[in-house]
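In: quick one, fold the following:
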Amino acid sequence: MITNEYGIHTFSLKLQCKYSEIQNIIEQNECICTGKGKLGLSSYYQITQFKGIGVEIQLGQSVSHPCWLILIVNPSSLLAGTYEPTALFQANEESVRHVKHRLRNILDKIGIDRRLKEFKLSRCDLTCNLYYERKTDVQNRLDIFKKSFPIPHYNTVKFGKYSNSDEKFKGANKHSWTIENKSKSCAFSVYDKSYELEKRHDIKIDEHILRLELRFGRSKITKLTKSKDWESQLVELGSQVEKQQHKFLHRLHMMHFDSVSLSELLDRINASKYREKTKRKLRRIAKKANGCVSLAAVQKDCRIRKSEFIKLLGKFEEMETGCISFKS
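Out: Below is the predicted model:
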């Protein structure tokens, strides 16, 4: 049996700064230089001393472009005062107020006297944790997500080009799947949280978690919220997590997480209300999708027009199942 949990995993606040402000921060704190821009006109830094409680600080300093400061916040960890690997933040007025208070303390410690209300919400991760009984169920469901029918204007994003000897990227791409739209205002990731914690953070947990992460950038956030300040925007987005997740899963035709065997799927089709002609097409899709490479390949193999194929995928959704069954 699968249980799920919704909330916000991470959000980012961005502040435009003067060159001198960034310089003061660099001089007063222990910073790591993470890169240099072209011609040496820009420099990028990190302050990692608060990472253990869920706040990473990034700095951008340039003589040719605006300078900036970004707070990458894991609110559950910030409120707990220690790293919370699986907790999801429930955003409401009171909890956001506590987060703001903790952030104010951190800004004071590193010598930033700008008001928090000057920051802009530049990213927010609307997240769902799916808890499975077995480790293999997590990978099976992840593999099904990878076969999703393509969404227009979205491309698959991998962890980098890897050689045969580089197991790090191979493992990351095997245990995760990410798509992003061309404007980079929205991305969707599915990954094995238990695997990620063990490999990246050397943390082992007893739970088997598949994490679904819907990441919205600044332009998407301003479209979805009526508020102008980041605190109210966070509360608004917090109330929309489940709705926005379901909306995106519907576009992927991945609304239902309990996959069934091919025989059970065929029984559901046979018992459905649809005409025999429609049932024949649904049975054909189900058989082709069993162990398929992708739903795009199934559509091509079945020689069904894209518009009709999408309608037929909707029929599976009406039967409260997906068309991809457990591999025979």
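
In: residues in contact with Gly37?
Out: Going by C-beta atoms under 8 Å, 6 or more residues apart in numbering, Gly37 touches Ser43, Tyr44, Ser62. All C-beta atoms are positioned from the backbone trio N, CA, C, and that covers glycine.

In: please name the bridge partners of the first one.
Out: This points to Ser43. Per DSSP bridges, the residues bridged to Ser43 are Lys36, Gln61.

In: confirm for me that it is in contact with Gln61.
Out: Yes - with contact defined as C-beta atoms under 8 Å, Ser43 counts as touching Gln61 (5.0 Å).

In: give me the more crowded residue out of those two.
Out: Between Ser43 and Gln61, counting by other C-beta atoms under 10 Å, Gln61 is the more crowded of the two (23 against 19).

In: on that earlier part again, mind putting the contacts of Gly37 into a markdown table with pLDDT?
Out: Shown next, in a markdown table, are the contacts of Gly37 (pLDDT from 0 to 100):
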| residue | pLDDT |
| --- | --- |
| Ser43 | 93 |
| Tyr44 | 95 |
| Ser62 | 92 |
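
In: and which of the residues you listed is nearest to Phe316?
Out: Nearest to Phe316 among those, counting by C-beta to C-beta, is Tyr44 at 46.5 Å.

In: ok, that closest one to Asn24 distance?
Out: 17 Å (C-beta to C-beta, to the nearest Å).

In: just for this structure, where's the confidence low?
Out: 1, 160-170, 327-328 (pLDDT under 70).

In: kindly list the longest strand within it.
Out: Across the chain, the strand with the greatest residue count (assigned by DSSP state E) is strand 3-17.

In: and it, what's buried?
Out: For strand 3-17, the neighbour count (16 or more other C-beta atoms under 10 Å) marks Tyr6, Gly7, Ile8, His9, Thr10, Phe11, Ser12, Leu13, Lys14, Leu15, Cys17 as buried.

In: what helices or strands is it leaning on?
Out: strand 67-73, helix 75-80, strand 120-132, helix 230-238, helix 241-252 (3 or more C-beta pairs under 8 Å, 6 or more residues apart in numbering; DSSP states H and E).
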